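S.K.: no sequence for this one, just the structure:
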């Protein structure tokens, strides 16, 4: 029974590591330079055969994982997973992103279990199923009240969602066709983000809150993908640009808006100029003709993924809870420095240097 369990875990971990690298069985066999045939690899993944220690070492090197990775039991599953830009991401790319994220969230959960640092998720906003833009607006208002956010601009949305029990992972080297996804696990909800979003923090903020919509709003299963996207976008916009505060800053009945004003608003709210103008349109603060005139100038911005005044936003969207938990566990002696480095996927010597200065 024990051998069957070990073979089963090894088979799944080998497939996971291979998919994380977007390798086929034949390409992995080629990377192993004849040490293992693709037929033998297929038997490993089927749980029929197990490699010897020499082959295990070669597999670990080829796949960039420590040998003990292949025997670590699976403790989480990604449920109700929703990709953004799903159609633009190939099957292998989806598999790679999904498996990279799952592996990270398992490490995150492991260290939470060690130090007891799990943060509870408040759950879905208690309201009827969200079907309209007005429902999404109400959902954003309810969340601000439930999370005691007031009506001020949100300074760091990654930190905000992590403080409320949502684990966040940044996928390294992600394709530009991928922004993010949300999912639920046995250890709470999760969000995965493309690391290229760090080049565009305003888009990163919107993506985080867009994915948060899927986690906190009761969206009907019958909703189309387009309807789902519109609801999530409205929710995110309402969170970033709360109605009363935004109206006070933008003003009512505007017959024109200057670029200088929009850049100031961008810096204050941490939202793109496009999001600001969309919000002004939603709230009836500008005429449709003003919005249409503005829209004619935005094509070049979208192509370049940049807007005027991007440098005006000085926000910080770094998440560090996972690293802090690992550092705490090492400092308190719950785990070794080598285990901490392994959880962070960092070199032991470099991690040791980070923890040199200690007060006790």
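M.R.: Yep, it's here. Remember, it's a predicted structure, so these values are computed and weren't measured experimentally. Numbering: from 1, shown residues only.

S.K.: ok, residue 140 - contacts?
M.R.: When contacts are counted by CB atoms under 8 Å, 6 or more residues apart in numbering, residue 140 touches 235, 238-239, 242. Quick note: C-beta positions are derived from backbone N, CA and C, even for glycine.

S.K.: for it, helix, strand, or coil?
M.R.: Classification of residue 140 by DSSP: H, G, I helix; E, B strand; the rest coil places it in helix.

S.K.: just checking, what packs against the host helix or strand of residue 29?
M.R.: Secondary structure assigned from DSSP states H and E places residue 29 in helix 25-31. Contacts defined by 3 or more CB pairs under 8 Å, 6 or more residues apart in numbering; DSSP states H and E place helix 25-31 against helix 38-45, helix 53-63.

S.K.: tell me which residues of the last one are tucked away?
M.R.: The one in question is helix 53-63. Residues 55-56, 58-60, 62-63 are the ones in helix 53-63 that count as buried (16 or more other CB atoms under 10 Å).

S.K.: how near is the nearest residue to residue 220 once chain neighbours are set aside to residue 98?
M.R.: Closest residue in space to residue 220, ignoring its immediate chain neighbours: residue 129 at 4.8 Å, by CB to CB, 6 or more residues apart in numbering. Distance from residue 129 to residue 98, counting by CB to CB, to the nearest Å: 27 Å.

S.K.: between these two, which is the more surrounded one?
M.R.: Counted by other CB atoms under 10 Å, residue 129 and residue 98 do not tie: residue 98 has more neighbours, with 20 against 12.

S.K.: packing partners of the helix or strand hosting the more buried one?
M.R.: Secondary structure from DSSP H and E places residue 98 in helix 91-115. Packing partners of helix 91-115 (3+ CB pairs under 8 Å, 6+ apart): helix 2-20, strand 167-171, strand 180-185, strand 188-194, helix 321-331, helix 337-344.

S.K.: so where do the helices sit in the stretch 201-350 of the chain?
M.R.: 201-216, 225-240, 243-250, 259-269, 273-282, 288-295, 299-304, 321-331, 337-344, 348-354 (DSSP state H, counting those that start in this stretch).

S.K.: where among these is average confidence lowest?
M.R.: Mean pLDDT is lowest for helix 299-304 among the helices of the stretch 201-350 of the chain, at a mean of 68.

S.K.: show me the shaky parts of the stretch 101-250 of the chain.
M.R.: For the stretch 101-250 of the chain, applying pLDDT under 70 flags the ranges 126.

S.K.: same thing but at 80, please
M.R.: When residues are selected by pLDDT under 80, those of the stretch 101-250 of the chain lie in 117, 126-127.

S.K.: end-to-end on stretch 252-264?
M.R.: 17 Å (CA to CA, to the nearest Å).

S.K.: no no, stretch 312-332
M.R.: 41 Å.

S.K.: tell me which residues in that stretch are buried?
M.R.: Quick answer for stretch 312-332 (16+ other CB under 10 Å): 313, 315, 317, 319, 321-323, 325-330.

S.K.: do the same with stretch 217-233
M.R.: Here stretch 217-233 shows 217, 219, 228, 231-233 as buried, counting by 16+ other CB under 10 Å.

S.K.: give me the most central residue, the chain.
M.R.: residue 192 (2.1 Å; CA atoms, centre = their mean).

S.K.: that one and residue 97, how far apart?
M.R.: Taken as CB to CB, the span from residue 192 to residue 97 is 7 Å.

S.K.: shared neighbours, the two?
M.R.: With CB under 8 Å, 6+ apart, residue 192 and residue 97 have common neighbours 171, 181.

S.K.: residues contacting the closest residue to residue 109 other than its chain neighbours?
M.R.: Excluding its sequence neighbours, the residue lying closest to residue 109 (CB to CB, 6+ apart) is residue 187, at 4.3 Å. Residues in contact with residue 187 (CB under 8 Å, 6+ apart) are 75-76, 105, 108-109, 112, 118, 167.

S.K.: including neighbour count and distance to residue 136, could the residues you listed go into a markdown table?
M.R.: A markdown table is the format used below for these (neighbours: other CB atoms under 10 Å; distance: CB to CB, whole Å):
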| residue | neighbour count | distance to residue 136 |
| --- | --- | --- |
| 75 | 13 | 34 |
| 76 | 18 | 29 |
| 105 | 23 | 27 |
| 108 | 25 | 29 |
| 109 | 19 | 31 |
| 112 | 19 | 31 |
| 118 | 16 | 29 |
| 167 | 26 | 24 |
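
S.K.: what is the burial count for residue 280?
M.R.: Residues near residue 280, counting by other CB under 10 Å: 24.
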